[in-house]
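Participant: Generate coordinates for the sequence data below:
(one chain, ligands or ions: 1)
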Amino acid sequence: MASYYYRFSKALIMLCLTCIVLITQAQSQTWSLLQAPKEITLKLIRDPVTLSLASIDYGHIVHDNPFAIFAPSSISDISLLINFSNSLAIPITIAPRGQAHSVHGQAMTNHGVVVNMTELNGFRNGDGIVVVVDDTTIGPYADVGGEQIWIDVLHATLERGLTPLSWTDYLYLSVGGTLSNAGISGQTFRFGPQISNVHQLDVVTGKGDLVTCSAENNSELFYAVLGGLGQFGIITRARIALGPAPTRVKWLRLLYNDFSAFSGDQEHLISFNGINETNAADYVEGFLLQNQPPLDLSFYPEPDQPRITSLVTQYGIIYVIELVKYYDNSTQEHVDEDVKLLVERLKFFPTFMFEKDVSYEEFLNRVHADELFLRSQGLWDVPHPWLNLFVPASRISDFDEGVFKGIILQQNITAGLVIIYPMNRTKWDDNMSAVTPHDDVFYVVSFLRSTVFDKLEEFKAQNRQILQFCANAGMGIKQYLPQNKTREKWEEQFGPKWKTFKQRKAQFDPNRILSPGQGIFN
Ligand code: FAD
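Facilitator: Just a heads-up that it's a prediction; the model follows:
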């Protein structure tokens, strides 16, 4: 009994000491910041409204309280802040924040400084996006500030008849934010993720150095930063590859109840992936229609909606391939024939193919219409317990059986939007920090849920159950936009890349000050 009390008191003392150390550390950081040079302190914002805005993100799950928000008015301000932090006995953590569309506090810091990247817009004088049309060596490109959002990149490039080749589904994300992850969408199978479409970067490293890097120069930093979860430096400029912009798209949805026919057709479609391949689709995604409210059928013609509803009711889950073929004046004549060739051998339910013809911009910016609707209903700023996985193609039917038909269909929890589509690993560069499964083809499966605070725990539990199922089945999945909070989980996530990731951290951010919200080194 005495030994039990002894051990208990010892544990309590250790806990108190840890708390005291943490509190003292936070106080000393606060004190240090107040001693910073004027160029820094003048740009620190500490009003309660700004502080509370920086302590939440799109996820509404994690809340970290920063000491201050930094409003840089130049790139050298960012270097100055990082240099100052490195000069302290206990460096201050620094979190670049793009649009804070992370769902698990990735752009936050407790007691540190959040760098509000959008402030850089002010000093750019309209030069945040510069389009170059006539570079004879690398072709057209755009030099884009890391703080810029993709919708603005789209507008600026379309003005010159050009466009980035690889996208995300939603365009109000910052360039620095998506390049820190990968940036994926239905074009990835053909052009690779957004990180595969970058020629060059300007980065302020965790040591405070402003470095221009590419695959040829300072390549270690270039590869580290792309998909690097903000761990090595702050991206202040990216040179993005461009191609000719189409003007319109044929946008198709094909319905299936048989998973193997659905995934077989998706994999067939992404096997045509040469950049100039005329018989290739330009975009391939997919998602589930589930027998759960709300069943959004707004894409489909009204007279067809009842028969789609009965199909979903009958099968519980319907799989939908979303397919797009771009066109312009020069290809308009044969686009219908091209679409016919694309779908003629596919095994969807006969007569369950639906098509829309919209402008290129309307298609790319499609999620914004949903955003406006959800905002109008007060359903945008709510908790988002998302889970994004990369699943090897060799295990995708096990995933369907165990997760879609097992966990999702069996449990009475609204699954939200579930997206599923395959990508080709050859379009990813393994030198970069982003991690993928080993298979040549792997799927992204995204559970994009929104909920109320009372139900959050149910969703988190279901996410854990899905991860556990995949681990038990030895599926070799990887998380996209990962939310690992223990060192072991991070090592598992990075697998053989962990050693390089750690070495690069020691090289470019030795004091571990950048993007602590990822929870990798902090
Ligand atoms: P933030 O959340 O601000 O930051 C993300 C991380 O990057 C943080 O660790 C931050 O510290 C770091 N960071 C931010 N800026 C920089 C910088 N300039 N330099 C270095 N590090 C930086 N992703 C896809 O790939 N495809 C999709 O289709 C897709 N759709 C989405 C739809 C919605 C509605 C939402 C909310 C997210 C979606 N995402 C998608 C995820 C999104 O790409 C990531 O969450 C991305 O990080 C968001 O960019 P952000 O500007 O909000 O980044």
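Participant: all strands for the stretch 201-350 of the chain, in order.
Facilitator: Ranges of strands in the stretch 201-350 of the chain, per DSSP state E, counting those that start in this stretch, are 210-214, 233-244, 248-256, 283-290, 317-327.
Participant: How about the stretch 401-522 of the chain?
Facilitator: Counting by DSSP E, counting those that start in this stretch, the segments of the stretch 401-522 of the chain that form strands are 417-424, 441-448, 478-479.
Participant: State the next helix or strand along the chain beyond the helix or strand of the chain with the lowest mean pLDDT.
Facilitator: Least confident helix or strand, the chain: helix 2-34 with a mean of 61, by mean pLDDT, DSSP states H and E. Downstream of helix 2-34, the first helix or strand assigned by DSSP states H and E is helix 38-41.
Participant: which secondary structure elements does that next one contact?
Facilitator: With contacts taken as 3 or more C-beta pairs under 8 Å, 6 or more residues apart in numbering; DSSP states H and E, helix 38-41 sits against helix 2-34, helix 75-87. Every C-beta, even on glycine, is put in place using the N, C-alpha and C of the backbone.
Participant: Check what contacts that helix and list those residues.
Facilitator: In this structure, residues lying in contact with helix 38-41 by C-beta atoms under 8 Å, 6 or more residues apart in numbering are 33-34, 70, 77, 80-81, 84.
Participant: chain center to the helix or strand that it is followed by, what's the gap?
Facilitator: Per DSSP H and E, the first helix or strand lying C-terminal to helix 38-41 is strand 44-45. Relative to its parent chain, strand 44-45 has a centroid offset of 28 Å by C-alpha atoms, centre = their mean, to the nearest Å.
Participant: Would you mind checking the average pLDDT for strand 44-45?
Facilitator: Per-residue pLDDT over strand 44-45 has a mean of 96.
Participant: what's the answer for stretch 80-100, then?
Facilitator: The average pLDDT within stretch 80-100 is 97.
Participant: ditto for stretch 302-320
Facilitator: Summarised as a single mean, pLDDT over stretch 302-320 is 97.
Participant: Pull up the distance across that stretch, start to finish.
Facilitator: One end of stretch 302-320 sits 18 Å from the other (C-alpha to C-alpha, to the nearest Å).
Participant: Check the contacts of helix 38-41 for burial and list the buried ones.
Facilitator: Using 16 or more other C-beta atoms under 10 Å as the burial test, the contacts of helix 38-41 include 33, 70, 77, 80-81, 84 as buried.
Participant: Closest one of those residues to residue 300?
Facilitator: Taking C-beta to C-beta as the measure, residue 300 lies nearest residue 70 of those, at 47.6 Å.
Participant: The closest one: what's it in contact with?
Facilitator: Residue 70 sits in contact with 40, 43-45, 77, 81, 94, 113-116, where contact means C-beta under 8 Å, 6+ apart.
Participant: For it, give me the backbone phi and psi.
Facilitator: With angles defined as degrees, to the nearest 10, residue 70 sits at phi -100, psi 130.
Participant: Please name the bridge partners of it.
Facilitator: residue 44, residue 115 (DSSP bridges).
Participant: picking that back up, to the ligand, which of the strands of the stretch 201-350 of the chain lies closest?
Facilitator: strand 233-244 (3.7 Å; C-beta to the nearest ligand atom).
Participant: Return the angle between stretch directions for the closest one and strand 210-214.
Facilitator: Interaxial angle, strand 233-244 versus strand 210-214 (axes from the mean of the first three to the mean of the last three C-alpha atoms, to 10 degrees): 40 degrees.
Participant: check whether strand 233-244 contacts the ligand.
Facilitator: Yes: Strand 233-244 comes into contact with the ligand (C-beta under 6 Å from any ligand atom), by way of 234-235.
Participant: Who does that strand pair with, and is each partner parallel or antiparallel?
Facilitator: When sheet partners are counted by DSSP bridges, strand 233-244 sits next to strand 141-145 (antiparallel), strand 162-164 (antiparallel), strand 198-205 (antiparallel).
Participant: Now for whichever residue of the stretch 351-500 of the chain sits closest to the ligand, how many residues are close by?
Facilitator: For the stretch 351-500 of the chain, the residue closest to the ligand is residue 481, as judged by C-beta to the nearest ligand atom, at 5.6 Å. Residue 481 has 20 neighbouring residues, counting by other C-beta atoms under 10 Å.
Participant: Would you mind listing what in this protein touches the ligand?
Facilitator: Near the ligand, when you scan the chain using C-beta under 6 Å from any ligand atom, you find 57-58, 95-102, 106-107, 117, 146, 168-170, 173-174, 176-178, 180-185, 229-230, 234-235, 481, 515, 517-518.
Participant: Cheers, nothing more for now.
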